[in-house]
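**Student:** Next comes the sequence, and after it the predicted model I'd like to discuss.
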Amino acid sequence: MIKEIAHITVGLPVEGPFDYLISDPLMESIRIGHRVWVSFGTRKIVGYVVGFKDRSAIKRLKYIDSMIDQLPLITAQHLSLAREFSKYYGCSLGEAIETGLPSLLRKGRPVDLSADQSSVEQPNASSEISLAHDPGRQTAWKDIEKAIKSALDAQQGVLILVPEASLINDVLSRMSVGVPQEKVAVLSGLTDKKELELWQQVREGKLRMAVGVISAIFAPVRNLGLIVMIDEESTLYQHEQTPFYHSRQVAMMRARVEKCSVVFLSAAPSVELFAKAHGKNIQYRLAGSSSSCAVQLIDSTNFRSSFGFIYPPLRSRMEQFLKGSGKILLFYNRRGFYTMTRCLNCGYVLKCQRCDVFLNFSGASKELQCHRCNFKEPLPTQCPQCCNPGLKQQGTGIEKLKEEIKRSFPQARVALVDRENTAFPVSFDVLVATQAVLRWIDHLKVHVTGVIDVDSEFNRLDFRSAQRTYALLAHLKIMTLHFLMIQTQHPDNYCLKAVLKNKPADFYKREMKLRKELGLPPFKHWLSIYLRGPNQMVVSEQAKELYNLLTAKPLAVLLIHEPHTDVVTKLRDQYRFIIRMQGKDIVRMMKYFKKSLRGLKKKSGVIVTVKVDG
């Protein structure tokens with residue numbers, strides 16, 4: 001075919017590809033996968049060649065300005081992954097391509113590629129996806145090391161993902177597969193220049209192993225043979241900006257495209273992955289057993305509020321172990337000192353100026369803070385509404401709990417760990433902590449762990465709250481030597497009973513049954529359409545208009561819910577509405593949504609984004 005016209009896609013939320021003429025000097029050298037400079041509207045931007053044709057329906061076409069690289073940068077495998085990614089997550093093909101590229105490449109920085117490195121990799125002969133369920137975090141790693149060594153011996157590349165950067169050194173220190181650390185690409189905390197340098201070394205095969213966090217799933221590991229995803233259930237693998245991808249799903253996409261193997265490692269697997277194992281879509285192995293510590297449920301309805309935060313059974317156990325120089329962990333997942341400030345005269349509650357949430361008072365900074373947008377302001381001396389000086393602070397945060405422990409146990413050394421206080425204390429008797437403490441899961445061992453208010457974890461407006469609470473308790477159990485004591489008003493909760501009896505299968509069986517009955521992932525997909533803008537009325541009207549388009553000729557297999565406000569109605573000065581769709585085929589659902597969206601007359605200031613299973 002004569003290459004007169006190139007299909008070009010760009011890294012913008014616009015459907016493509018777009019047709020551009022190829023000038024004579026570029027005819028012989030331009031290939032699929034090349035980055036090029038093109039005029040797009042009034043701008044000059046980076047484009048990606050994804051195909052060719054000899055004629056176009058558009059009469060007046062622009063020419064490609066120039067090629068950025070001498071050889072194609074985007075491999076056939078990268079392009080195949082991007083196509084699948086864009087269909088699944090609803091972004092443009094150009095956005096999908098750029099999601100896997102360093103920032104300097106997205107900005108048009110040229111790179112030198114050898115002819116060998118621009119060639120298409122031959123896929124491996126076979127792939128295998130497996131889940132290693134290791135409740136004690138002690139057993140499965142040996143088998144994973146064998147898989148890593150086997151891949152490296154076969155001259156294949158290895159990619160290891162961890163949920164947060166603080167765990168990378170732990171992974172590197174545990175490996176004994178004969179790879180010096182200087183031969184491993186650590187893809188986290190990099191400058192733009194270093195990011196590009198490592199990207200190129202990985203792509204050229206100079207570094208055959210890469211370790212990183214969420215976005216490392218796109219690392220161009222040469223001849224990729226194995227992906228290992230540690231703590232697969234972590235919420236940190238969910239990308240919180242568009243496109244809203246999940247590393248677990250992208251790992252499975254890469255397995256299909258590159259015929260590589262994937263091992264998911266978890267002490268408390270996500271229900272989505274456990275269901276795949278239960279349905280025998282992936283291999284499953286229960287490795288080892290959980291911690292042998294005793295679990296005790298404390299029914300808080302049996303105790304008066306005068307006991308404070310720590311009820312007698314937990315208090316007695318703390319006293320017992322503190323006398324013997326034991327260490328105590330108290331888990332309470334609320335930051336700050338007070339969680340709400342209100343006026344006693346008019347009832348006005350101080351909220352964030354940008355978000356529809358209460359302002360928390362921090363005892364450390366003596367300021368009111370928004371934990372959504374990081375807005376801060378001094379505590380006012382009078383009510384902003386009625387000017388009455390009678391402001392009362394209520395609710396309990398982790399800082400207030402720390403002060404109570406100090407009063408109750410004056411001889412104990414009490415330390416605090418949360419998102420702001422990330423330096424681990426050198427010494428302590430009682431450690432008061434939020435979920436930030438889990439980053440030390442393989443290093444911290446305490447004699448007693450007390451979960452102060454587990455019910456608040458269940459009460460989050462999130463259909464995954466039970467799964468996340470189960471995972472939280474499973475991780476706290478790993479850190480506990482003798483007693484895990486859980487204060488709750490609902491001791492008959494199926495999640496708590498599964499932890500008490502040390503029967504993970506009981507939890508997953510009940511949770512999967514509930515999700516199936518409610519049509520929730522993994523049995524049906526949820527497509528959440530978010531609309532946001534500075535004017536609440538305008539966003540609400542736009543949401544209704546889009547809902548009407550979606551329900552005008554709906555697919556028979558789809559259930560479309562009416563628009564409603566988000567859990568947080570206003571976030572960072574943007575009012576938020578949601579429309580949810582339920583169905584079994586996410587690609588078909590996404591296609592239907594995008595077709596309906598094209599008929600929407602968009603109002604100024606309203607932004608529409610879409611999230612899969614969120």
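**Tutor:** Received the coordinates, thanks. Numbering: from 1, shown residues only.
**Student:** Quick check: the closest residue to Asn459 other than its chain neighbours vs Leu527, distance?
**Tutor:** Of all residues not flanking Asn459 in the chain, Ser465 sits nearest, at 7.3 Å (C-beta to C-beta, 6 or more residues apart in numbering). Every C-beta, even on glycine, is put in place using the N, C-alpha and C of the backbone. For Ser465, the distance to Leu527 equals 20 Å [C-beta to C-beta, to the nearest Å].
**Student:** The residue nearest to Asn459 contacts Glu457, doesn't it?
**Tutor:** Yes: counting by C-beta atoms under 8 Å, Glu457 is a contact partner of Ser465 at 6.6 Å.
**Student:** Roughly how far does the closest residue to Arg35 other than its chain neighbours sit from Gln393?
**Tutor:** Once flanking residues are discounted, Arg35 sits nearest to Ile68: 4.2 Å by C-beta to C-beta, 6+ apart. As judged by C-beta to C-beta, Ile68 and Gln393 stand 57 Å apart.
**Student:** What of Gln156?
**Tutor:** With C-beta to C-beta as the criterion, Gln156 and Gln393 are 58 Å apart.
**Student:** and those two? which has more neighbours close in?
**Tutor:** Gln156 (19 against 16; other C-beta atoms under 10 Å).
**Student:** returning to what we had before: between Ser465 and Leu527, which is the more surrounded one?
**Tutor:** Per other C-beta under 10 Å, whichever of Ser465 and Leu527 has more neighbours is Leu527, with 22 against 15.
**Student:** Quick check: that one vs Phe593, distance?
**Tutor:** The value you get for Leu527 to Phe593, if C-beta to C-beta is used, is 6 Å.
**Student:** next one: Gln241
**Tutor:** Counting by C-beta to C-beta, the gap from Gln241 to Phe593 is 19 Å.
**Student:** who has more neighbours, those two?
**Tutor:** Phe593 (21 against 7).
**Student:** Quick check on the more buried one: phi, psi?
**Tutor:** phi -60, psi -50 (degrees, to the nearest 10).
**Student:** Am I right that it is in contact with His525?
**Tutor:** No: Phe593 lies out of contact with His525 (C-beta under 8 Å); the separation is 11.6 Å.
**Student:** Per-residue pLDDT of Ser292, please?
**Tutor:** Ser292 is assigned 85 on the pLDDT scale.
**Student:** residues making contact with the strand or helix carrying Phe321?
**Tutor:** Using DSSP states H and E, Phe321 sits in helix 312-323. Helix 312-323 is contacted from outside by 296, 298, 303, 307, 310, 326-328, 408-409, 411-412, 429-430, 447-448, 450, 482-483, 485, 487, using C-beta atoms under 8 Å, 6 or more residues apart in numbering.
**Student:** try stretch 461-473
**Tutor:** With C-beta under 8 Å, 6+ apart as the criterion, stretch 461-473 contacts 233, 235, 267-268, 270-271, 435, 438, 451, 454, 457-460, 484, 486, 494-496, 498-499, 507, 511, 515, 518, 520-521, 567.
**Student:** let's see it at 7 Å
**Tutor:** 233, 235, 268, 270-271, 435, 454, 457-458, 495, 498-499, 507, 511, 520, 567 (C-beta atoms under 7 Å, 6 or more residues apart in numbering).
**Student:** Among those residues, which lie within helices?
**Tutor:** Among those, the residues falling in helices (DSSP state H) are 271, 457-458, 495, 498-499, 507, 511.
**Student:** Generate a markdown table for those residues, with pLDDT as supplementary columns.
**Tutor:** Formatted as a markdown table, these follow (pLDDT from 0 to 100):
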| residue | pLDDT |
| --- | --- |
| Val271 | 97 |
| Glu457 | 93 |
| Phe458 | 93 |
| Cys495 | 97 |
| Ala498 | 96 |
| Val499 | 96 |
| Phe507 | 97 |
| Glu511 | 98 |
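**Student:** how near is the spatially most central residue of the chain to Val437?
**Tutor:** The centroid of the chain falls nearest to Gln238 when counting by C-alpha atoms, centre = their mean (2.0 Å). To Val437, Gln238 is 21 Å away according to C-beta to C-beta.
**Student:** What ranges in the protein fall below the confidence cut-off?
**Tutor:** Residue ranges of the chain with pLDDT under 70: 1-2, 115-126, 177-178, 305-306, 422.
**Student:** how about 80 then?
**Tutor:** 1-3, 114-126, 176-182, 288, 291, 304-308, 364, 420-423, 554-557 (pLDDT under 80).
**Student:** Walk me through the domains of it.
**Tutor:** What automatic domain parsing lists as the domains of the chain is 5-106, 129-286, 294-334+396-516, 525-612.
**Student:** Serialize those to JSON lines and add fields for distance to Leu344.
**Tutor:** Shown next, in JSON lines, are the domains of the chain (distance: least, C-beta to C-beta, whole Å):
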{"stretch": "domain 5-106", "distance to Leu344": "49"}
{"stretch": "domain 129-286", "distance to Leu344": "38"}
{"stretch": "domain 294-334+396-516", "distance to Leu344": "19"}
{"stretch": "domain 525-612", "distance to Leu344": "26"}
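**Student:** still on that earlier bit, which among the contacts of stretch 461-473 end up buried?
**Tutor:** Among the contacts of stretch 461-473, those classed as buried by 16 or more other C-beta atoms under 10 Å are 233, 268, 270-271, 435, 454, 457-458, 495, 498-499, 507, 511, 520.
**Student:** ok, Asn169 - contacts?
**Tutor:** Asn169 neighbours (C-beta under 7 Å, 6+ apart): none.
**Student:** again but with Thr569, I slipped
**Tutor:** Counting by C-beta under 7 Å, 6+ apart, Thr569 has contacts 356, 575-576.
**Student:** and of these, the nearest to Trp199?
**Tutor:** Arg576 (34.9 Å; C-beta to C-beta).
**Student:** Now stretch 588-597: buried residues?
**Tutor:** For stretch 588-597, by 16+ other C-beta under 10 Å, it's 589-590, 592-593, 596-597.
**Student:** Just put these in a markdown table and tack on secondary structure.
**Tutor:** Output for the buried residues of stretch 588-597, formatted as a markdown table (DSSP: H, G, I helix; E, B strand; the rest coil):
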| residue | secondary structure |
| --- | --- |
| Met589 | helix |
| Met590 | helix |
| Tyr592 | helix |
| Phe593 | helix |
| Ser596 | helix |
| Leu597 | helix |
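**Student:** State the pair within these that is farthest apart.
**Tutor:** Met589 and Leu597 (12.4 Å).
**Student:** hang on, Ser66 packs against Trp37?
**Tutor:** Yes: assessed by C-beta atoms under 7 Å, Ser66 is found in contact with Trp37 at 5.0 Å.
**Student:** Those two: which is more packed in?
**Tutor:** In terms of neighbours (other C-beta under 10 Å), Trp37 is the more surrounded of Ser66 and Trp37; the figures are 15 against 12.
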